[in-house]
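Asks: Next come a sequence and a model predicted from it.
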Amino acid sequence: NAYEGSLIVISHDRHFLNSVCTHIADIDYRTIIIYTGGYDDMVLTKTQIRGRLESENAQREKKIEQLNDFIARFSAGTRASQVTSRKKEVERLATADLAKSNIARPFIKFTMNRPSGRHPLEFEGISKAYGDHKVVDNFSAKMERGEKIALIGRNGAGKTTLINAILAGATGIPEIPAECRDSGKVKWGHEVSVGCFPQDHRTPFVDGVAAGMNTFDWLHQWAPQAYNEDIRGLLGQMLFTRDEAEKPLKALSGGEAARLLFCKLMLLKPNFLVFDEPTNHLDLESINALNIALQKYEGTVLLVTHDQDLIEEVATRLWRFHNGQIEDHKGAYEELPALV
């Protein structure tokens, strides 16, 4: 914002685009249109223009249908001049097919098999150090069902360390060993089922047996009773074509790996979701879909992210990491006191 020169930027950070950009060059519908304003301004204007074009096309098609009906009824009669006039009108009104959007939008919806108890998680005295460096020191908290807690702070402040310390030894997450927590007690509540999106989200696809599997088989293993078409439908929601369902896991891009993990979470339907920087390899459409899905999710969420819109629109509580301390702020981001 302080820079006085010209700037061209490519970014998937909606908050950044809204804060900095004076114009957006949108590449869609096989063309490029430049809109005035930030990202949200572009989306609003683009939607309005597209809506108007679709409405005008619909009106022209209705008029053409009426004219063709007249032509069919009177073409063999005595009203030849009127029929000819209406044929010319049809030619004039002929609608061109509107170009289809080339932007793919995934459909993410997190649901639960069953709700957890009122207190899905509480822990006391969680600590983790690396040598003499204490990363998490004697942190305690209790979570209510339905809370969505965002962990915020600089890289290296200890957010992932705390997540791993909490999850260490948890049922269904064997990849996080018990030594990720030095001390402290963790108590999971009644009927809690945990789904996890790790920061290094490609690891589940390159280790062990998974390294030789394809996308479809890897997802199907988590629900062997599911019909093949249900699995393919879920993959389709997350933009995997039928051919891409046979893609080897080792060939997945960062974004594809992230979307496949979302498929797993949607398939298993846990009531407690943990996300460690899920937006790193996502485009804007996928980030927005994740944002909406987390807002609508009725379960409990722990979320590590640097995406400010995600923090502002999803989080109901914040754990802020600063100067070796963790501040537990029970409220929205906009109510968070500024750092002194």
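Replies: Alright, I've got the coordinates.
Asks: which residues does T215 contact?
Replies: Residues in contact with T215, defined by Cβ atoms under 8 Å, 6 or more residues apart in numbering, are 235, 240, 244-249, 252, 256, 260. In short, each C-beta sits where N, CA and C put it, glycine included.
Asks: Adding secondary structure and distance to S81, write these out as TSV.
Replies: Shown next, in TSV, are the contacts of T215 (DSSP: H, G, I helix; E, B strand; the rest coil; distance: Cβ to Cβ, whole Å):
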residue	secondary structure	distance to S81
L235	helix	59
F240	coil	58
E244	helix	58
A245	helix	59
E246	helix	62
K247	coil	62
P248	strand	68
L249	helix	69
L252	coil	65
E256	helix	62
L260	helix	64
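Asks: Can you go through the residues you listed and name the buried ones?
Replies: 235, 240, 244-245, 247, 249, 252, 256, 260 (16 or more other Cβ atoms under 10 Å).
Asks: now G184, what's its secondary structure?
Replies: strand (DSSP: H, G, I helix; E, B strand; the rest coil).
Asks: What segments of this structure are helices?
Replies: Ranges of helices in the chain, per DSSP state H, are 14-20, 39-74, 80-93, 159-167, 203-206, 215-220, 228-237, 254-268, 284-296, 308-314.
Asks: Could you point out which of those helices sits nearest I149?
Replies: Distance to I149, taken as Cβ to Cβ, is lowest for helix 308-314 among those, at 9.8 Å.
Asks: If you count neighbours, what's buried in the lowest-mean-pLDDT helix or strand in the chain?
Replies: None of the helices or strands of the chain scores lower by mean pLDDT, DSSP states H and E than helix 203-206, at a mean of 75. Buried residues in helix 203-206, counted by 16+ other Cβ under 10 Å: 204-205.
Asks: Which other helices and strands does that helix contact?
Replies: helix 254-268 (3 or more Cβ pairs under 8 Å, 6 or more residues apart in numbering; DSSP states H and E).
Asks: what's the model's confidence in the helix it packs on, averaged?
Replies: Averaged across helix 254-268, pLDDT comes to 95.
Asks: So which residue is smack in the middle of this structure?
Replies: Centroid-nearest residue in the chain, with Cα atoms, centre = their mean: L290, separated by 2.2 Å.
Asks: gap between that residue and N68?
Replies: 46 Å (Cβ to Cβ, to the nearest Å).
Asks: isn't the residue nearest to the centre of the chain right up against T279?
Replies: Yes - with contact defined as Cβ atoms under 8 Å, L290 and T279 form a contacting pair (7.0 Å).
Asks: From the chain's centroid, how far away is stretch 266-273?
Replies: 15 Å (Cα atoms, centre = their mean, to the nearest Å).
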